[in-house]
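Trainee: below: sequence and its predicted model.
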Protein chains: 4
Amino acid sequence: MSDLSDIFNFFKANDQFARHCGIELLSAELGSARAKMPIQPWHLNGAKTVHGGAIFTLADFVFAVAVNSHGQLAMGINTNTAFLNAATSGILYAEATEISLNPKLATYEVKVVDEDDRLIARFQGTAYRKKVAILP
Amino acid sequence: MSDLSDIFNFFKANDQFARHCGIELLSAELGSARAKMPIQPWHLNGAKTVHGGAIFTLADFVFAVAVNSHGQLAMGINTNTAFLNAATSGILYAEATEISLNPKLATYEVKVVDEDDRLIARFQGTAYRKKVAILP
Amino acid sequence: MSDLSDIFNFFKANDQFARHCGIELLSAELGSARAKMPIQPWHLNGAKTVHGGAIFTLADFVFAVAVNSHGQLAMGINTNTAFLNAATSGILYAEATEISLNPKLATYEVKVVDEDDRLIARFQGTAYRKKVAILP
Amino acid sequence: MSDLSDIFNFFKANDQFARHCGIELLSAELGSARAKMPIQPWHLNGAKTVHGGAIFTLADFVFAVAVNSHGQLAMGINTNTAFLNAATSGILYAEATEISLNPKLATYEVKVVDEDDRLIARFQGTAYRKKVAILP
């Protein structure tokens, strides 16, 4: 499906902050997306665990890809994140799943897990869908 | 107050991800903290606005400093963020304010504004306070 | 201002669940509202403190009045509630304050306090504003 | 398992606000619970849809039963609720599922659906677990 692969490539090429955080998009389907983030020393906070901001960014990124997978530009308006376990090394994975979609609003769940499939964070995000296309 | 300045210096020196995101701690008091983040091209998402992850990281950082200002190690367990206006350039500022504090749990509000004091995001975070000190 | 008093009266007359919960609307301004709920035995949960659902309903009610005070029908889409202190007797008060308002979305903060102004809960709610009027 | 049935009976007998809202507990297992709420005219808000407070109360109730199913007294500290579709008549069902459990904190997801299994709301709640038993 060419539209979806165009959107996939758009995010890989244009999300500069995701790249700055070492996040790699793995897959995107209509309403879902997966990415990974290999933990680097600069992901850590003062307590030497992965910073909540890095975990959030990974979750927010797959949320953005999933909600924009429909081709309509969408912007996150509300996110809730439960931080459940600390992560210190290895690779983090995030997967976004669509919970609800209507013409104006869409809601997604994201799970962030480590390599042992231990749940690191759970994110719920709602986006507002504009009437313009994500791709030019 | 020496303890507080030690904690201030601890965060400046040891929060690697905050540094990676270009965040600078401006001040810390008991239960509050302020920081700034000059917007760089690598803070942007595909829509050319500051990534939700960068805004969150700025908010989460002042939350962490504020809740740890009491000297007891605290970890964020739940955050809610309303993204209210897009930011594209200039400097973002975040300020954390204490809403509630008891021996085990503490809750903070964070406002993120731009240079014109326009509200970019509003964050509410709850932390769990461990029985160990933040500083060695 | 007659429109606002019409909206005030509309909520007093038509919000059946608020009435079922013993909630009384005290005041409404553009973008804000206040209400009270005298605690009754049937507000309690099994732990003999006021049920989170009763506290939430009080907060959600002033949120609804405040966001609808502008005359445009609005529906809550996301709420986050931090429960900070238990309440057992007396009167609870809630006040909604506008944080952000645009044509489609609006965000409010609500504080719920007891008679001693102790903070019981803090609520952040976002609503979607439809293109129809709240009043017939 | 007798402890669990004691907890089940405790909630049925002692949660006065759940009863006031017409909520019936259907089942409880370790870490999960189900309940229903037949919609009554007094559940409605001014827009003639089920009040967010009634939907929240149903969700919060199964959250409380699920987190207390382990026998240790737990109190909700943070809840996030996405309201996805309006409900007007019939029966609402809520089911709580455990996401994370440790000695001090536990997090649950609750889905609220109508009779056609349409998703009405999605709730994420975190509780603090005290060192006392729920039953006397």
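Mentor: Looks like it came in fine.
Trainee: what about A:F56, distance to A:I77?
Mentor: Distance of A:F56 to A:I77, computed by C-beta to C-beta, to the nearest Å: 15 Å. In this view, the C-beta of every residue, glycine as well, is placed from N, C-alpha and C.
Trainee: which one of those two is surrounded by more residues?
Mentor: Between A:F56 and A:I77, counted using other C-beta atoms under 10 Å in any protein chain shown, A:F56 has the larger neighbour count: 29 against 23.
Trainee: can you pull the phi/psi pair for that one?
Mentor: Main-chain torsions, A:F56, degrees, to the nearest 10: phi -60, psi -40.
Trainee: strand partners (parallel or antiparallel) of the longest strand seen in chain A?
Mentor: The longest strand of chain A (DSSP state E) is strand A:119-133. With DSSP bridges as the test, strand A:119-133 is paired with strand A:72-83 (antiparallel), strand A:105-113 (antiparallel).
Trainee: right, and those - which one's nearest B:K111?
Mentor: Closest to B:K111 of these, according to C-beta to C-beta: strand A:72-83, at 15.6 Å.
Trainee: pLDDT averaged over the closest one - what is it?
Mentor: Mean pLDDT, strand A:72-83: 97.
Trainee: shaky segments in chain A?
Mentor: Scanning chain A with the threshold set as pLDDT under 70 gives A:1-2.
Trainee: how about a cut-off of 80?
Mentor: Along chain A, segments meeting pLDDT under 80 span A:1-2, A:136.
Trainee: go ahead and flag the most central residue of chain A.
Mentor: In chain A, the residue lying closest to the centroid (C-alpha atoms, centre = their mean) is A:V62, at 2.2 Å.
Trainee: let me know whether the helix or strand that one falls within sits next to chain B.
Mentor: In this assignment (DSSP states H and E), A:V62 forms part of helix A:52-68. Yes - on the criterion C-beta under 8 Å from any C-beta of the partner chain, helix A:52-68 is in touch with chain B at A:G52, A:G53, A:A54, A:F56, A:T57, A:L58, A:D60, A:F61, A:A64.
Trainee: just want the angle from that helix to helix B:52-68.
Mentor: Relative orientation of helix A:52-68 and helix B:52-68, computed by axes from the mean of the first three to the mean of the last three C-alpha atoms, to 10 degrees: 150 degrees.
Trainee: does helix A:52-68 come close to chain C?
Mentor: No - Helix A:52-68 is not in contact with chain C by C-beta under 8 Å from any C-beta; minimum separation 13.8 Å.
Trainee: just the CA atoms of that helix, as PDB, please.
Mentor: Provided in PDB are the C-alpha atoms of helix A:52-68 (Å, rounded to 0.1, in the frame of the first residue of the first chain):
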ATOM      1  CA  GLY A  52      10.800   9.500  31.600                       C
ATOM      2  CA  GLY A  53      11.200  12.000  28.700                       C
ATOM      3  CA  ALA A  54      13.000   9.400  26.600                       C
ATOM      4  CA  ILE A  55      10.400   6.700  27.300                       C
ATOM      5  CA  PHE A  56       7.600   9.200  26.600                       C
ATOM      6  CA  THR A  57       9.200  10.300  23.300                       C
ATOM      7  CA  LEU A  58       9.300   6.700  22.100                       C
ATOM      8  CA  ALA A  59       5.700   6.200  23.000                       C
ATOM      9  CA  ASP A  60       4.600   9.600  21.500                       C
ATOM     10  CA  PHE A  61       6.400   8.800  18.300                       C
ATOM     11  CA  VAL A  62       4.500   5.500  17.600                       C
ATOM     12  CA  PHE A  63       1.300   7.300  18.700                       C
ATOM     13  CA  ALA A  64       2.000  10.000  16.100                       C
ATOM     14  CA  VAL A  65       2.800   7.500  13.300                       C
ATOM     15  CA  ALA A  66      -0.300   5.400  14.100                       C
ATOM     16  CA  VAL A  67      -2.800   8.300  14.200                       C
ATOM     17  CA  ASN A  68      -1.300   9.800  11.000                       C
END
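Trainee: any buried residues in stretch A:127-136, and which?
Mentor: By neighbour count with 16 or more other C-beta atoms under 10 Å in any protein chain shown, stretch A:127-136 contains the buried residues A:A127, A:Y128, A:R129, A:I134.
Trainee: now flag whichever of those residues is closest to chain D.
Mentor: Comparing the buried residues of stretch A:127-136 against chain D with C-beta to the nearest C-beta picks out A:A127 as the nearest, at 11.3 Å.
Trainee: may I have the distance across stretch A:10-30, first residue to last?
Mentor: This stretch, stretch A:10-30, spans 15 Å end to end (C-alpha to C-alpha, to the nearest Å).
Trainee: my bad, should have said stretch A:108-121
Mentor: End-to-end distance (C-alpha to C-alpha), stretch A:108-121: 14 Å.
Trainee: try stretch A:23-39
Mentor: Per C-alpha to C-alpha, the first residue of stretch A:23-39 is 10 Å away from its last.
Trainee: likewise for stretch A:95-108?
Mentor: Its first and final residues considered, stretch A:95-108 spans 10 Å by C-alpha to C-alpha.
Trainee: so how far is it from its chain's centroid?
Mentor: Distance of stretch A:95-108 from its chain centroid, counting by C-alpha atoms, centre = their mean, to the nearest Å, is 13 Å.
Trainee: neighbouring contacts of it?
Mentor: Contact with stretch A:95-108 is made by A:31-34, A:59, A:62-63, A:65-67, A:70, A:74, A:109-111, A:124-129, C:77, C:104, C:128, D:82, D:84-85, D:119, D:122, as judged by C-beta atoms under 8 Å, 6 or more residues apart in numbering or on different chains.
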